[in-house]
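# Next come a sequence and a model predicted from it.
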Amino acid sequence: MNKSIIKYFDGTGTDDKGRTLNATLAWSDQKLESTHDYIQWWFPLDRRSSYNASAPIVDHETALEFVACMKCKTNLLKAYNRFHRFIMNDLPNRFYTLNHNWLRITRVITSLRLLGLHEQSGHFYNDVINLYKTHETMIDHNTLLHWADAAGKQLDV
């Protein structure tokens, strides 16, 4: 069980840098773009981050407790909504050229599914696929495959 994830999302804990979820949710888009260690806390996975060795890992027991914690799910939804606004806010810089945000998108889709927000995971996947359909030349096929795999879907574009 990884209690640090539960505490971070229920509002009683901080990340490894002492930041609360609410503090990071208030960051500007520029701060979200230039800071690279919050995303592993907002959207934890069931495997070690290659970028942030101190990022939390979701094990089976943690996922079960998270899904049962309404405040945790509500706060994850806030993180998702903030990240969605961030990504969609400045598309030429955040989406259209190959960069770390494409990896972040994979992480978000995966984490939402892992922590019980399947509907939001599917919506986010559909949003980025719809953007691809509008701007095909900007996203490579390999990235689309990663996003489809993270969403548990077959790629149909």
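Good, I have the coordinates. Computed from a predicted structure; not experimentally measured. Numbers count the residues shown, from 1 in each chain.

# Lowest-scoring secondary structure element of the protein by mean pLDDT?
helix 91-94 (a mean of 63; mean pLDDT, DSSP states H and E).

# Give me the most central residue, this protein.
V108 (2.4 Å; CA atoms, centre = their mean).

# Need phi/psi at it.
Dihedral pair for V108: phi -60, psi -50, per degrees, to the nearest 10.

# Flag every buried residue along the helix ranked longest in the chain.
Using DSSP state H to define each element, the chain has its longest helix at helix 70-89. For helix 70-89, a neighbour-count test (16 or more other CB atoms under 10 Å) marks 72-73, 75-76, 79-80, 82-84, 86-87 as buried. All C-beta atoms are positioned from the backbone trio N, CA, C, and that covers glycine.

# do stretch 111-131 as well
111-117, 120-122, 124-125, 128-129, 131.

# Run through who's touching that stretch.
Stretch 111-131 is contacted from outside by 42-46, 58, 63, 66-67, 72-73, 76-77, 80, 84, 88, 91, 95, 105, 108-110, 139, 144, 147-148, 150-153, 157, using CB atoms under 8 Å, 6 or more residues apart in numbering.

# Name only those of these that count as buried.
If we count by 16+ other CB under 10 Å, the contacts of stretch 111-131 have these buried: 42-45, 58, 63, 66, 72-73, 76, 80, 84, 95, 105, 108-110, 139, 144, 147-148, 150-151.

# Within the helices and strands, which one has N52?
Using DSSP states H and E, N52 maps to neither a helix nor a strand.

# What of I5?
Per DSSP H and E: helix 3-10 holds I5.

# now that helix and helix 70-89, what's the angle there?
Using axes from the mean of the first three to the mean of the last three CA atoms, to 10 degrees, the direction of helix 3-10 lies 70 degrees away from that of helix 70-89.

# what's the helix or strand just after helix 3-10 in contact with?
Tracing the chain past helix 3-10, the next element assigned as helix or strand by DSSP H and E is helix 21-25. By CB under 8 Å, 6+ apart, the residues outside helix 21-25 that reach it are 8-9, 11, 15, 38, 41-42, 75, 78-79, 82.

# repeat for stretch 50-63
1-6, 8, 16, 36-37, 40-41, 44-49, 66, 111, 114-116.

# Can you give the distance of it from its chain's centre?
Relative to its chain's centre, stretch 50-63 lies at 13 Å (CA atoms, centre = their mean, to the nearest Å).

# Would you mark the buried spots in that stretch?
Buried-residue list, stretch 50-63, by 16+ other CB under 10 Å: 52, 55-56, 58, 62-63.
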